[in-house]
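Asker: Can you look at this prediction? I've put the sequence above it.
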Amino acid sequence: MIRVFRNKNSDKRFKQTVNWLIDHHLHFEVISKENLTSSLIKSILELSDQGFEGILVQSNEKNVTRFLKDVDFEDLSLEELILVILRCPDLLKSPIIFDTTKIQIGFNSDEIRKFIPTEKRIISRKKYYG
């Protein structure tokens, strides 16, 4: 199952993601910041090539600078950093689209195609190319 994390209600990229998934008849689950868990963050991290750097917003985004100035990420353990994220989910980029083997940070209409099952992509190509 595809999961889509969002950290705010009115996010254009989140809406684009949901519309794309619906248009392609793909089942998905929305994870709001209120439903974020330690195990979900670990699942996202396992898929992220860049670790925390790939999933955290830049310090000048979303007014998280105030929160970040008191946190020295270099001194935190994995569990402590996960707790920081759980306390302030706005630290995460949005949307984060993932399943058990793939992840995409943000919406990109070309890259999101990786979530279409292989069988459907083959059928789609045959219809397109004849």
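Answerer: That came through fine.
Asker: Please enumerate the strands of this structure.
Answerer: Listed from the start of the chain, the chain has strands (DSSP state E) covering 2-5, 28-31, 96-98, 103-105.
Asker: how about those in a markdown table, adding mean pLDDT and mean neighbour count?
Answerer: All C-beta atoms are positioned from the backbone trio N, CA, C, and that covers glycine. Below are those laid out as a markdown table (pLDDT from 0 to 100; neighbours: other Cβ atoms under 10 Å):
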| stretch | mean pLDDT | mean neighbour count |
| --- | --- | --- |
| strand 2-5 | 97 | 20 |
| strand 28-31 | 96 | 15 |
| strand 96-98 | 98 | 25 |
| strand 103-105 | 96 | 20 |
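Asker: can I get those in TSV with distance to Thr17?
Answerer: Formatted as TSV, the entries for those read as follows, by distance: least, Cβ to Cβ, whole Å:
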stretch	distance to Thr17
strand 2-5	6
strand 28-31	9
strand 96-98	6
strand 103-105	9
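Asker: right, and those strands - which one's nearest Ile22?
Answerer: Go through those one by one with Cβ to Cβ and the one that ends up closest to Ile22 is strand 28-31, at 8.5 Å.
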